[in-house]
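Enquirer: can't give you the sequence, but here's the structure:
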């Protein structure tokens, strides 16, 4: 099933949306049909732009990233799911192939072609068929149709009812799922859908029907079913937990040591070299580099074009294709971001001749003179940045919330009972990715001041409230964030985004945060990058950076902290110990601290504004407390 935007105006999806929310394996509605976005292996890669980020490629052990095709030039393939459609005319329920057979029986090719674009009930030509709302999925990322025939024919053998016609009716009495009734026209059996969302009862009901997970990855180009023992869950077709994309992102900073390989990768000869050298063993590859006339001719032309010596180019290509990834390369998100933090803080140098990254640093001396100056290390205006985002995997039913840069795939036929990542690595070792250009403001908090503050709040109500949340953590990778200092920088980031949305010209949903955090002694990171980006080749217009100059920055910071002192839900909010998902938030609600989930790295959790401005009982324990004459009396009414 193929869609072109020019033929189907309903298929109006931006390329960036093919990472999230409509990534490979996700469902979307087109022409009143439910379609699962299919494998990127279907794409014509010769017309897809390739993106390279040296650091991200090493971290993910990838050759590079491929952007989704342009809608005007290429096709996006989708597969119909679910397969079951019903007719609103008489509630008949059939698989799409069965409906198509009724059309083919008419012997009119144009009617079959029209049906493939917009299925109709050929018995009533103007009646559009409607996909069922209920589907099944498991924690291993598989998806399948609800067993409609088996459900109504419990206790019967499949051969005895496989040709029966069924209907999906509704009593329209209570508005619950039990109102839906599956009925058989031939044997007059019927059964409602009561209990299908009961996670304890439904698996036992499926066992009685002899139904289990089929191990299907419907989106794959070459689908091979695997054995799967996971329980099958019933979901609504548009349920949020059907598809959780896992995206690895990187600020593509141009380091001088990567300059040559970036030049090589940007040249057209590199794609030809890649075709020749990809997939061969290390021994054969090195032999090709030494003896293959075609390969050496391409390297010679490439070297002449970028004005480097043959030996330099050949050495880089050899390292790129045939050197193994070092085991000590950072594999967690925060370890990976340390290189970015060092550059943004002015501690490490970068290639200043590059056009994709431009920044201006205001160090601690240049921002002195404000009441909050000593709490900050500096402010960096990022006039130009490039962000590369890669869709590495997805999960169903539950998010995996992994802090690793690479996907952790299921080995063999093992089952853990927990959500598993399904890798979206292509056969050519590329991932689907997007490059976007933008601007941002970076600032970091003084680690020594944070250490003093942590000692000050030790064993206080504010500190204990956060550490108690350790028992609420669902994922092991989240445990490292149950720290007062992480709550501090994350909440400050949210408050700053809310304030920037009022004056920068960008809505809060257009702004994103990137947190740099580590409490490891001697390697502390307490940085915040707030940025906006666009896949447009021109990037953004500079409205955000202008708000980062020290004079405006401190006005914004002061305004954000003043608003944090009052919430329209106070005193309920400020006194709250448990809000948000898994009760991981403290004093943080939609009125004061929460932002668009697309802007937040942590789905609006690990937030508590009391770490910034103190609590009702202990107003002096906020990180920013005692630096404003209004602090002492802010809770006196």
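Expert: All right, it came through fine. All of these numbers come straight from a predicted model, not from anything done at the bench.
Enquirer: Report the residue spans of the stretch 151-300 of the chain with pLDDT below the cut-off.
Expert: Counting by pLDDT under 70, not a single residue of the stretch 151-300 of the chain qualifies.
Enquirer: again, only this time at 80
Expert: 172, 174, 222-225, 257, 278-282 (pLDDT under 80).
Enquirer: which residues of it fall in strands?
Expert: 166-170, 180-184, 190-192, 233-236, 244-251 (DSSP state E, counting those that start in this stretch).
Enquirer: which of those sits most buried?
Expert: strand 244-251 (a mean of 22; mean count of other Cβ atoms under 10 Å). Where C-beta positions appear, they are placed from N, C-alpha and C, glycine not excepted.
Enquirer: and the chain, what are its domains?
Expert: What automatic domain parsing lists as the domains of the chain is 2-44+69-242, 253-322.
Enquirer: coming back round to it: what would the strands of the stretch 151-300 of the chain look like in JSON lines with distance to residue 59?
Expert: Below are the strands of the stretch 151-300 of the chain laid out as JSON lines (distance: least, Cβ to Cβ, whole Å):
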{"stretch": "strand 166-170", "distance to residue 59": "48"}
{"stretch": "strand 180-184", "distance to residue 59": "47"}
{"stretch": "strand 190-192", "distance to residue 59": "51"}
{"stretch": "strand 233-236", "distance to residue 59": "32"}
{"stretch": "strand 244-251", "distance to residue 59": "7"}
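Enquirer: between the ones you listed, which gets nearest to residue 589?
Expert: strand 244-251 (24.3 Å; Cβ to Cβ).
Enquirer: The closest one - which strands sit beside it in the sheet, and in what orientation?
Expert: Strand 244-251 has its sheet partners listed here by DSSP bridges as strand 376-395 (antiparallel).
Enquirer: chain center to the partner strand, what's the gap?
Expert: 14 Å (Cα atoms, centre = their mean, to the nearest Å).
Enquirer: Give me the sheet partners of the following helix or strand past that strand and which way each runs.
Expert: Downstream of strand 376-395, the first helix or strand assigned by DSSP states H and E is strand 422-423. According to DSSP bridges, strand 422-423 forms sheet pairs with strand 376-395 (antiparallel).
Enquirer: Residue 238 reaches residue 27, doesn't it?
Expert: Yes: using Cβ atoms under 8 Å, residue 238 is in contact with residue 27, at 7.4 Å.
Enquirer: ok, the two, which is more surrounded?
Expert: Counting neighbours by other Cβ atoms under 10 Å for residue 238 and for residue 27 shows that residue 27 has the greater number, 22 against 12.
Enquirer: Residue 342 - nearest residue in space that isn't next to it in sequence?
Expert: Closest residue to residue 342 apart from its sequence neighbours, by Cβ to Cβ, 6 or more residues apart in numbering: residue 348 at 3.9 Å.
Enquirer: number of nearby residues for residue 282?
Expert: Neighbours of residue 282 (other Cβ under 10 Å): 12.
Enquirer: Next up, the contacts around the nearest residue to it once chain neighbours are set aside.
Expert: In space, and not counting its chain neighbours, residue 282 is closest to residue 322: 4.7 Å by Cβ to Cβ, 6+ apart. Shown in contact with residue 322 (Cβ atoms under 8 Å, 6 or more residues apart in numbering): 282, 285-286.
Enquirer: Give the other helices and strands that the longest helix anywhere in the chain contacts.
Expert: As assigned by DSSP state H, the longest helix anywhere in the chain is helix 484-500. Contact here means 3 or more Cβ pairs under 8 Å, 6 or more residues apart in numbering; DSSP states H and E; on that basis helix 484-500 packs against strand 430-445, helix 447-457, helix 461-467, strand 512-518, strand 525-534, helix 550-564, helix 610-613.
Enquirer: if you set the cut-off to 7 Å instead, what comes out?
Expert: Helix 484-500 is packed against helix 447-457, helix 461-467, strand 512-518, strand 525-534, helix 550-564, helix 610-613, with contacts defined by 3 or more Cβ pairs under 7 Å, 6 or more residues apart in numbering; DSSP states H and E.
Enquirer: circling back: and which of the contacts of residue 322 is nearest to residue 227?
Expert: Distances from residue 227 to those, taken by Cβ to Cβ, are shortest for residue 282, at 33.8 Å.
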